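Colleague: I'd like to go over a predicted model; first the sequence, then the structure.
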Amino acid sequence: MLPNPIKNFVEVFSKLPSIGPRQATRLAFYITSLGKNKVKEIASAVSNLADLTACSRCFRTHTGNEKLCSICSDPTRNQKLIAVVEKETDLLSLEKTKKFNGWYLVIGELHKNGELEPEQKLRLSALKNFIKKELPPSHKASEGKGVGKAEEIILATNPTVYGDLNAATLKKELGEFTDKITRLGRGIPTGGEIEFADEETLGSAIDKRS
Ligand SMILES: [Zn+2]
């Protein structure tokens with residue numbers, strides 16, 4: 001019954017999060033009704049996404065053919081200072097405060113039960129490898145001879161129940177790879193989210209990390 005282009009659209013779009021076959025069908029008819037020019041504009045907005053790649057170090061989305069994003073390739077950034085964030089929008093919020101001069105690991109959306117996805121474990125092992133191989137060993141002479149260590153890792157997860165739970169998981173994973181492991185200060189109201197905190201609050205949460 002449905003024209004083939006609509007069928008094809010529904011097949012592709014109904015696999016996206018929170019779009020079912022019914023919404024996809026409605027969307028297909030709606031977009032068609034906008035006219036050829038608008039359809040082409042939407043199509044190119046989608047196909048432009050193909051130019052994006054993930055940074056091989058922090059996994060942040062960036063444009064261009066370089067392996068590293070602008071933050072990871074910035075020589076003025078402190079490589080021994082790492083903040084683990086859940087989402088790219090958290091990274092952007094922290095960047096806006098201009099209070100952080102290290103780099104990030106974007107771990108990806110965290111589970112409510114504090115368990116890590118296979119992809120998140122891969123990202124963590126990439127981080128561990130970087131720390132071991134690329135960073136200088138700890139100045140604390142007693143431990144880990146010759147193996148690199150981070151100066152500090154900030155677990156910048158949200159101050160929510162699941163944020164705390166996941167921070168505990170991450171602490172177990174990363175504890176031995178750093179001299180100091182911290183969380184953002186409690187400037188952000190408990191239950192609040194980094195993404196929605198204002199710059200000043202977030203800035204003081206970075207200063208008051210412990
Ligand atoms: Zn990067």
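Modeller: Now that the structure is in, tell me what you want to look at.

Colleague: alpha carbons only for contacts and neighbour counts from here, please
Modeller: Will do.

Colleague: roughly how far is the helix or strand encompassing S44 from the heart of the chain?
Modeller: Secondary structure assignment for S44, by DSSP states H and E: helix 36-47. Distance, stretch centre to chain centre, for helix 36-47: 28 Å (Cα atoms, centre = their mean, to the nearest Å).

Colleague: L127 and L105 touch, don't they?
Modeller: Yes - between L127 and L105 there is a contact under Cα atoms under 8 Å: 7.4 Å.

Colleague: out of the two, which sits in the busier spot?
Modeller: Under the criterion of other Cα atoms under 10 Å, the comparison of L127 against L105 puts L105 first, with 25 against 19.

Colleague: Show me which residues of this protein are close to the ion?
Modeller: Neighbours of the ion within the chain, by Cα under 5 Å from the ion: C55, C58, C69, C72.

Colleague: Report the buried members of the residues you listed.
Modeller: C55, C58, C69, C72 (16 or more other Cα atoms under 10 Å).

Colleague: Mind listing the shared neighbours of L127 and L105?
Modeller: Common neighbours of L127 and L105, using Cα atoms under 8 Å, 6 or more residues apart in numbering, are R57.

Colleague: coming back round to it: could I get the buried ones among the residues of the chain next to the ion as JSON lines with pLDDT and secondary structure?
Modeller: Output for these, formatted as JSON lines (pLDDT from 0 to 100; DSSP: H, G, I helix; E, B strand; the rest coil):
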{"residue": "C55", "pLDDT": "95", "secondary structure": "coil"}
{"residue": "C58", "pLDDT": "96", "secondary structure": "coil"}
{"residue": "C69", "pLDDT": "94", "secondary structure": "coil"}
{"residue": "C72", "pLDDT": "95", "secondary structure": "coil"}
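
Colleague: Among the residues you listed, which one lies nearest to V12?
Modeller: Nearest to V12 among these is C55, at 26.6 Å by Cα to Cα.

Colleague: Quick check: the closest one vs Y104, distance?
Modeller: Taking Cα to Cα, to the nearest Å as the measure, C55 falls 11 Å from Y104.

Colleague: so where is this structure shaky, pLDDT-wise?
Modeller: 139-145, 187-191 (pLDDT under 70).

Colleague: how does it divide into domains?
Modeller: Split into domains by automatic domain parsing, the chain comes to 4-50, 54-207.

Colleague: Kindly compare burial across those domains and name the winner.
Modeller: Scoring those by mean neighbour count under mean count of other Cα atoms under 10 Å gives domain 54-207 as the most buried, with a mean of 17.

Colleague: would you list every one of the helices in this structure?
Modeller: In the chain, the segments counted as helices under DSSP state H are 4-13, 21-33, 36-47, 88-97, 118-134, 161-174, 199-207.

Colleague: for the ones you listed, which one sits closest to E151?
Modeller: helix 118-134 (9.9 Å).
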